[in-house]
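Asks: Build me a structure from this.
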Amino acid sequence: MAKTAETSGKETSGKETSEKENPGKQTTDNLLKHPKLWRANQLGQQRQHEQQGICTGFKTLNQHLPGQGWPKAALVEVMLASAGVGELRLFVPALRHLSQQSRWLAWVAPPFIPYAPALHALGVDISKILVIHPRNHQDALWAVERACKSGSCSSVFAWLDERKLKYRDTQRLQIAAKQGNTLSCLFRPHSAGQNSSSLAELRLLIHELERGMLRLSINKRRGGWPIDNLTLPVAQVVDGATLTHTEIEQQLQLWRLAQPRPPQRVHTREPLPLLTREVENPAERVSAQPSPLH
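Replies: Residues are numbered from 1 along each chain as shown. Next comes the predicted model:
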């Protein structure tokens with residue numbers, strides 16, 4: 001018995017001596033336990049510290065995203081060939097959920113005017129939508145950063161000038177999204193995925209929209225490797241809220257009558273699919289006094 005106790009004492013003493021002689025190993029072990037670090041053998045595992053994300057509305061996509069959904073406080077980048085290929089349908093379930101909060105859904109420099117009746121028909125509270133029309137890239141970047149950091153916006157969607165967008169700008173926007181607990185999303189061209197580095201936490205590449213199915217790849221995600229060619233049934237997002245052209249125009253007229261100031265013009269053309277109407281006059285997007293919706 002005495003021999004066993006003596007042996008145990010020697011082993012304990014040896015362990016303490018080893019830790020004193022190699023403090024770097026202890027520091028490394030503590031670092032590897034940090035919740036922000038992940039290892040290759042943890043791929044696909046939902047870790048206990050992971051914050052629950054915002055449900056995307058697509059089971060397949062949820063399974064491949066940290067937190068099982070869109071990050072609640074991070075920068076996301078969606079890269080696409082051109083605007084209007086289904087990128088907004090991808091976010092409709094999240095917008096519907098976030099619009100139930102008391103915070104704004106900000107759209108900065110959108111290439112199209114958000115179409116209020118279509119958004120309303122899809123269950124999005126349009127009174128929470130805030131559209132910002134900056135005069136130039138610097139103003140747009142400032143507006144995105146301030147909207148994210150303020151904490152008054154649950155989401156911020158932005159279309160910035162790709163020629164002037166820098167790596168450090170994505171760093172600023174990522175930090176601002178963390179500070180304001182905001183889902184921030186930049187819509188960028190395909191070339192950004194090949195030619196530009198970014199500190200965005202999540203980067204998606206949209207390939208095409210065909211017969212209601214959206215094909216995309218995850219180029220970058222936290223805690224995992226890229227994934228190619230996911231197919232999502234985005235048509236189901238709008239199928240249950242399909243309106244005829246006459247019904248859409250009637251809702252648009254009712255919405256205009258409820259606005260505090262008279263409309264500047266009346267659109268009579270068939271609305272674009274998805275959730276937007278085309279801007280006929282570029283000057284409308286740089287109004288000195290932007291209104292929430294046109």
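
Asks: doesn't His190 make contact with Ala81?
Replies: Yes - between Ala81 and His190 a contact is recorded at 5.5 Å, counting by C-beta atoms under 8 Å. Just so you know, the C-beta spots here come from the backbone N, C-alpha and C atoms, and that holds for glycine as well.

Asks: show me where this structure has helices.
Replies: 2-21, 23-32, 59-63, 87-98, 116-121, 137-150, 167-180, 192-195, 235-239, 245-257 (DSSP state H).

Asks: Out of these, which gets the lowest mean score?
Replies: Taking the average pLDDT of each of those, the minimum falls on helix 2-21, with a mean of 51.

Asks: neighbours around Ile218, how many?
Replies: Other residues near Ile218 come to 19 when the count uses other C-beta atoms under 10 Å.

Asks: er, Ala177 I mean
Replies: Residues near Ala177, counting by other C-beta under 10 Å, number 29.

Asks: ok, it - contacts?
Replies: Contacts were defined as C-beta atoms under 8 Å, 6 or more residues apart in numbering; by that measure Ala177 touches 73-75, 148, 156, 183-184.

Asks: Can I get the residues you listed in CSV including neighbour count and distance to Gly57?
Replies: Output for these, formatted as CSV (neighbours: other C-beta atoms under 10 Å; distance: C-beta to C-beta, whole Å):
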residue, neighbour count, distance to Gly57
Ala73, 18, 19
Ala74, 24, 18
Leu75, 29, 21
Cys148, 30, 23
Val156, 30, 19
Leu183, 27, 14
Ser184, 31, 19
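
Asks: closest to Glu162 among those residues?
Replies: Leu75 (15.4 Å; C-beta to C-beta).

Asks: Okay, and which of the contacts of Ala177 map to strands?
Replies: Secondary-structure check on the contacts of Ala177 using DSSP state E: residues within strands are 74-75, 156, 183-184.

Asks: List just the nearest of those residues to Leu98.
Replies: Distance to Leu98 across the ones in strands among the contacts of Ala177 (C-beta to C-beta) is lowest for Leu183, with 7.3 Å.

Asks: So for that closest one, what's the pLDDT?
Replies: As predicted, Leu183 sits at a pLDDT of 97.

Asks: Is it in contact with Val76, as I believe?
Replies: Yes - distance between Leu183 and Val76: 6.9 Å, which falls inside the contact criterion (C-beta under 8 Å).

Asks: quick one: common contacting residues for the two?
Replies: Taking C-beta under 8 Å, 6+ apart as the contact definition, Leu183 and Val76 share the neighbouring residues Trp70.

Asks: Where does pLDDT dip in the stretch 151-294 of the chain?
Replies: Flagging of the stretch 151-294 of the chain using pLDDT under 70 yields the residue ranges 236-294.

Asks: Which parts of it are strands?
Replies: In the stretch 151-294 of the chain, the segments counted as strands under DSSP state E, counting those that start in this stretch are 153-158, 183-189, 202-210, 213-220, 227-232, 276-278.

Asks: want to throw those strands into TSV with distance to Asn30?
Replies: Rendered in TSV, the data for the strands of the stretch 151-294 of the chain read as follows (distance: least, C-beta to C-beta, whole Å):
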stretch	distance to Asn30
strand 153-158	35
strand 183-189	32
strand 202-210	28
strand 213-220	27
strand 227-232	31
strand 276-278	50
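
Asks: Need the winner for burial among those strands.
Replies: By mean neighbour count, with neighbours taken as mean count of other C-beta atoms under 10 Å, strand 153-158 ranks first of the strands of the stretch 151-294 of the chain at a mean of 27.
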